[in-house]
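Colleague: Predicted model and sequence follow; I will ask about them next.
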Amino acid sequence: MIKMISIIVPIYNVEKYLSFCIESILNQTYIYFELILVNDGSPDKCGEICDEYAKKDKRIKVIHQNNGGLSSARNAGINIATGEYIAFVDSDDFIHNRMYELLYTNARKYKSDIVMCNLLKVNESEKNKIEAYNINIEAQIYTNIEALKQIYNRSEGINFVVATNKLFRRQLFNNLRFKIGRTHEDEFLVHRIFYESNRVTHIPVAMYYYRQRNNSIMGSPFSLKMLDEVYALKDRITFCRKLKLPELRHQTEFKYVVKLISYYFKVKKEYNNSYFELNKLKNDFSKSIHVLLFNPYFNKKEKTLWILFIIHPYLFELYVRKKSKYQING
């Protein structure tokens, strides 16, 4: 029996790219889908573009809401989704015309709760970066725990964290939603949704095209919003500790320490009067130090330096300024 997919597109201030994104979805060879366009209070003509497309194609539903951010828009789409599977496309990106045929076929073949393909980064001006489709691609199958261990696999084109290169069984969202008001929203969700799945399938072919925009949140210079990545990693550490997943916990702790210290000095350098953010980072780190000291991914010297960081960040900075590990550029 053919199952329907709910494709959710959160939209904000992307008038330049929106039509190309929508067309890449409407041109899918897999036609059994509903397209949920969520106009997240966009100040340009995106809302009008959405309404015009809805008049042309009955598969399209449009939600107009006050600006609440990416997570809020995705959640609004999830709330009205009727498909057996859910997918997400960012409104400035585009997809291969056989992407959902590939993902759905493998979801059924392997009885997977999550199926993912690779991403390909494209320049802002690129429109037709199409990789040849090969029906004989060998899939990689993971249990939920095996998939969790792949979170930090960031080989070229492979991204287990982001939501946009995946097809999810809708039941996975029965008790899960994206964290509102946060950037790095995928980092907050990925470990939870993988854990809830029984089987995850990876198809190693790039069929999602991720546009590199200079003015996007992730393409912009450092901002305080990026500290959410640190807090997402802290949340994952707690998650792994509760579920007794030591290997993933140690990997996450490693990334957490490196990111926290790096971002601490970025905030200090680039933001005046940032005492609240700096104190919060240092206090969060201090509260975790007794656990982090047992992490085998760090050596004794590094752990000693953490104590120096807690006691006197300035002396720590002087000592490691030229070390690449913490990326302190002063």
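Modeller: Yep, that arrived.

Colleague: what's the helix or strand containing Asn106 in contact with?
Modeller: Here Asn106 sits within helix 99-110, counting by DSSP states H and E. Here helix 99-110 makes contact (CB atoms under 8 Å, 6 or more residues apart in numbering) with 3, 5, 7, 28-30, 33, 85, 87, 96, 112, 115-117, 133, 139, 141, 166-167, 169, 199, 201, 203, 205, 207-208. From N, CA and C alone the C-beta is placed, and that goes for glycine too.

Colleague: Quick check: mean pLDDT of it?
Modeller: The average pLDDT within helix 99-110 is 95.

Colleague: what do you get for stretch 249-264?
Modeller: Rounded mean pLDDT across stretch 249-264 is 94.

Colleague: for Asn165, what are its contacts?
Modeller: By CB under 8 Å, 6+ apart, the contact set of Asn165 is Met116, Cys117, Asn118, Leu119, Asn159, Met207, Tyr208.

Colleague: what about Pro10, which SS state?
Modeller: strand (DSSP: H, G, I helix; E, B strand; the rest coil).

Colleague: Can you name the residues that contact it?
Modeller: Going by CB under 8 Å, 6+ apart, Pro10 touches Val38, Asp40, Leu70, Ala73, Arg74, Gly77, Phe88, Asp90, Ser91.

Colleague: For the top helix by length along the chain, name the packing helices and strands.
Modeller: The longest helix of the chain (DSSP state H) is helix 246-270. Contact analysis of helix 246-270 by 3 or more CB pairs under 8 Å, 6 or more residues apart in numbering; DSSP states H and E lists helix 228-243, helix 275-292, helix 313-320 as its packing neighbours.

Colleague: and it, how far out from the chain's middle?
Modeller: Relative to the centre of its chain, helix 246-270 is centred 17 Å away, using CA atoms, centre = their mean, to the nearest Å.

Colleague: begin at 706 from here
Modeller: Got it, first residue is 706 now, which makes that one helix 951-975.

Colleague: ok, back up a step: so which two of the contacts of Asn870 are the farthest from each other?
Modeller: Across the contacts of Asn870, the longest distance by CB to CB is 12.8 Å; it joins Asn864 and Met912.

Colleague: Next, the nearest residue to Arg904 once chain neighbours are set aside: secondary structure please.
Modeller: Leaving aside its chain neighbours, Arg904 sits nearest to Ser817 (4.6 Å; criterion: CB to CB, 6 or more residues apart in numbering). Assigned with three-state DSSP, Ser817 falls in the coil class.

Colleague: Look up the closest residue to Lys766, ignoring the ones flanking it.
Modeller: Of all residues not flanking Lys766 in the chain, Ile741 sits nearest, at 5.0 Å (CB to CB, 6+ apart).

Colleague: Neighbouring strands of the host helix or strand of the one you found in the sheet, and parallel or not?
Modeller: For Ile741, the host element (DSSP H and E) is strand 738-745. Partners of strand 738-745 in the sheet, by DSSP bridges, are strand 710-716 (parallel), strand 765-770 (parallel).
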